[in-house]
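Colleague: after the sequence you'll find the predicted model.
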Amino acid sequence: MADDQLPNRELLDELLSAQGFKVIVASDGAEALKQVANESIDLVILDVMMPHLNGFEVCEKIKSSPDTYLIPVILITALSEKQDRIEGIKAGADDFLTRPVDRTELLARVRSLLKLKQRTDELERAETVLFTLARSIEGKDPYTHGHCERLAEYSATLATHLGLPEEQVVALRRAGVVHDIGKIAVPDSILLKPSKLTPEEWKLVQEHPIVGERICEPLKSFRLVLPVIRHHHEKFNGSGYPDGLAGENIPITARVLQIVDVYDALTTIRPYKPAFSTSDALQTMKEEVAKGWWDPDIFDQFERLVKKHEAKFLARGAAAGAEG
């Protein structure tokens, strides 16, 4: 709770502490940001009129950081102008209180936002479990070290280049990590088999997108991730799996991920091949596009991206994977 007026700090501190809340006080906006960065905070209450950084500015900084944007923020102000509330909304505030603060209203809003934060924390923990599980699967094979992180970065970069909505970019970052989580159902003897798979073994491998979708389906936040998980092994000509989708019936996010997935597989060392150079990888992918495997328009944009300003970044990631 941040307020530059000592009486206000003492009043709210006493009120909230009496209800069993642990309260950390700050005397200005800059101090508030330090506390948010250094402590595990569930809710921030900010006075609007503070020196150095006002409440609007502190709120905006909290909401613009990926580490803190989910923390609820209440702004307290003596101002009642509509424009001030609009500014608070733009800064990302979750609620507003007007001075003099009503005790009952304050406690009701604090409890409501803390319930929301608790649910958000539960969701984050569930996502963390899935990410950890996905990385444990990747960790079984030393040749795929760093594959998840590279795919998350590559696919988000390509999606941004293509002008996809931010929510799809976020979904692709998540999908880069968890797209193969369904391989948890495939025995290691098959996953790590150095020789050609039998038809029965290959059929089992082809089930992993469906299993992965089923694992992640309970998370509502993964609504846009699920199509990527299920369809990242489809092919543009309909010869892929598990559903044999073709062309634009394959979700665009899945088409994006499969392009970068192939690129990463080609440019990193595997038991059956050396790491391809960027030019050799792109040439191989071009031949696969001609076979009807990948979306030609997305590949064209990806090729331009690699050859131009993103080339060093992508090559650096691939080199790191080859070393791993």
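Modeller: Arrived safely.
Colleague: okay, now the unreliable bits of the protein?
Modeller: 79-81, 139-145, 271-272, 309-324 (pLDDT under 70).
Colleague: switch the cut-off to 50
Modeller: Residues of the chain meeting the criterion pLDDT under 50: 313, 315-324.
Colleague: quick one: the strands in it?
Modeller: All strands of the chain, identified by DSSP state E, fall at 44-47, 73-77, 95-98.
Colleague: right, so those: which one is the most enclosed?
Modeller: Each of those was scored by mean neighbour count; the highest is strand 44-47, a mean of 26, by mean count of other C-beta atoms under 10 Å. Glycine gets a C-beta too; all of them are placed from N, C-alpha and C.
Colleague: now that strand, how far from the chain's geometric center?
Modeller: 27 Å (C-alpha atoms, centre = their mean, to the nearest Å).
Colleague: re earlier: want to try CSV for the strands of the chain, with distance to residue 276 as columns?
Modeller: Listed next are these as CSV, based on distance: least, C-beta to C-beta, whole Å:
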stretch, distance to residue 276
strand 44-47, 49
strand 73-77, 49
strand 95-98, 54
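Colleague: compare the ones you listed and give me the one nearest residue 304.
Modeller: strand 73-77 (41.1 Å; C-beta to C-beta).
Colleague: dump that closest one to CSV, restricted to CA.
Modeller: Output in CSV follows, covering the C-alpha atoms of strand 73-77 (Å, rounded to 0.1, in the frame of the first residue of the first chain):
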residue,chain,number,x,y,z
VAL,A,73,-4.2,-2.7,-8.4
ILE,A,74,-6.6,-0.5,-6.6
LEU,A,75,-6.3,3.3,-7.1
ILE,A,76,-7.4,5.6,-4.3
THR,A,77,-8.1,9.2,-5.2
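Colleague: tell me which of the strands of the chain lies nearest to residue 232.
Modeller: strand 73-77 (37.2 Å).
Colleague: what packs against the closest one?
Modeller: Counting contacts by 3 or more C-beta pairs under 8 Å, 6 or more residues apart in numbering; DSSP states H and E, strand 73-77 packs against strand 44-47, helix 55-64, helix 82-91, strand 95-98, helix 103-139.
Colleague: among these, which is the most enclosed?
Modeller: Most buried among the helices and strands packed on strand 73-77, counting by mean count of other C-beta under 10 Å: strand 44-47, with a mean of 26.
Colleague: so which bits of stretch 149-164 are buried?
Modeller: By 16 or more other C-beta atoms under 10 Å, the buried positions in stretch 149-164 come out as 149-159, 161-162, 164.
Colleague: ok, those vs residue 127, which is closest?
Modeller: For those, the minimum distance to residue 127 (C-beta to C-beta) is 13.0 Å, reached by residue 152.
Colleague: which one is that closest one nearest to, not counting chain neighbours?
Modeller: Take residue 152 and drop its neighbours on the chain: the residue closest to it by C-beta to C-beta, 6 or more residues apart in numbering is residue 176, 3.0 Å away.
Colleague: ok, now how distant is the one you found from residue 300?
Modeller: As judged by C-beta to C-beta, to the nearest Å, residue 176 and residue 300 stand 21 Å apart.
Colleague: residue 109 too?
Modeller: Taking C-beta to C-beta, one finds residue 109 at 52 Å from residue 300.
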